[in-house]
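Peer 1: with the sequence up front, the predicted model follows.
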Amino acid sequence: MKALTVCNPYAHLIIHGSKRIENRTWPTRFRGRLAIHAGKSRAWLDREAVLPAGMVFGAIIGTVTVAGCFRLAHVRSGFYDAEFPGLSTHVHAEGPYCWVLTDPRPLPAPVPFKGMMGLFDVDDHAINLAAASCSIAGPA
């Protein structure tokens, strides 16, 4: 299974909230299930914000389906709103490339894992086993 590291609070919002667009500087042709890895960095957090219960760092926290990847200008034009209602006005549409994410599924337990840059491979069977025992470590 492919995986993507996303900084919190965004990883948490993808899996447990309303974030249906992940913004990247690069496009992807990948479509299908994608594991979301919550990175260890806290750089994107508001220092005074109260963290949501259950927000974790340095772990795979769930999966989503990558349903599309579009340039921000095309998203804002409303061209994809028939297929993805409300996409053109989505609060998280910032681009330059908007990865459209659907069907978020949290894991029963976060799986500690070392993230990587870009899309990377994880063993989906190991993720499923580890979710039950929470004993997997990411690649060295």
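Peer 2: That came through fine. Residues are numbered from 1 along each chain as shown.
Peer 1: for this protein, give me the ranges with low pLDDT.
Peer 2: 126, 128-140 (pLDDT under 70).
Peer 1: which residues in it form strands?
Peer 2: 2-6, 21-24, 32-38, 59-71, 97-112, 119-121 (DSSP state E).
Peer 1: center of this protein, which residue is that?
Peer 2: The residue lying closest to the centre of the chain (C-alpha atoms, centre = their mean) is residue 36, at 4.3 Å.
Peer 1: list the contacts of it.
Peer 2: 3-4, 6, 11, 14-15, 60-64 (C-beta atoms under 8 Å, 6 or more residues apart in numbering). (C-beta placed from N, C-alpha, C; glycine too.)
Peer 1: and what of residue 44?
Peer 2: Here residue 44 is in contact with 7-10 (C-beta under 8 Å, 6+ apart).
Peer 1: can you put the strands of the chain in JSON lines and add distance to residue 52?
Peer 2: Output for these, formatted as JSON lines (distance: least, C-beta to C-beta, whole Å):
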{"stretch": "strand 2-6", "distance to residue 52": "15"}
{"stretch": "strand 21-24", "distance to residue 52": "18"}
{"stretch": "strand 32-38", "distance to residue 52": "12"}
{"stretch": "strand 59-71", "distance to residue 52": "12"}
{"stretch": "strand 97-112", "distance to residue 52": "13"}
{"stretch": "strand 119-121", "distance to residue 52": "26"}
